[in-house]
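In: sequence unknown, structure follows:
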């Protein structure tokens, strides 16, 4: 059973961190900070796809595969599943 934000999106902590960084980009209007933001978008995606998700597949098996099918990685669903 899923609880909290994990019912809507698989990586709410990373997504929240990216929104904070994006807020800084908007607030300061800095190209360098935008580059920093893009680096972290890429880095988080690589971390999740190639390290976290394979480890979780091995640990939780079929249950995690079902979770992957129902809950999106980055763009939250607006309703609870």
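Out: Everything's here; your move. Since we're looking at a predicted model, the values are computed, not measured.

In: from memory residue 8 sits against residue 71, does it?
Out: Yes - using CB atoms under 8 Å, residue 8 is in contact with residue 71, at 7.2 Å. For every residue, glycine as well, the C-beta is placed using N, CA and C.

In: which neighbours do the two share?
Out: Both residue 8 and residue 71 are in contact with residue 77, where contact means CB atoms under 8 Å, 6 or more residues apart in numbering.

In: for the helix or strand containing residue 68, packing partners?
Out: Applying DSSP states H and E as the criterion places residue 68 in helix 62-70. Packed against helix 62-70 by the contact rule (3 or more CB pairs under 8 Å, 6 or more residues apart in numbering; DSSP states H and E) you find helix 53-60.

In: quick check: buried residues in the helix it packs on?
Out: By 16 or more other CB atoms under 10 Å, the buried positions in helix 53-60 come out as 53, 56.

In: quick one: contacts of that helix?
Out: Residues contacting helix 53-60 (CB under 8 Å, 6+ apart): 64, 65, 67, 68.

In: among these, which two are most distant?
Out: The distance between the two most remote of the contacts of helix 53-60 (CB to CB) is 7.2 Å, for 65 and 67.

In: who has more neighbours out of those two?
Out: In terms of neighbours (other CB atoms under 10 Å), residue 67 is the more surrounded of residue 65 and residue 67; the figures are 15 against 11.

In: what residues are up against that one?
Out: 2, 10, 60.

In: which of those lies closest to residue 22?
Out: Taking CB to CB as the measure, residue 22 lies nearest residue 10 of the contacts of residue 67, at 19.0 Å.

In: what strand or helix carries the closest one?
Out: Residue-wise, residue 10 maps onto no helix or strand under DSSP H and E.

In: ramachandran angles for residue 28?
Out: phi -90, psi -20 (degrees, to the nearest 10).

In: ugh, typo on my part, it should be residue 75
Out: phi -100, psi 110.

In: count of neighbours near residue 11?
Out: By other CB under 10 Å, 22 other residues sit near residue 11.

In: so it touches residue 74, yeah?
Out: Yes - counting by CB under 8 Å, residue 11 sits close enough to residue 74 to count as a contact (6.9 Å).

In: thank you, goodbye.
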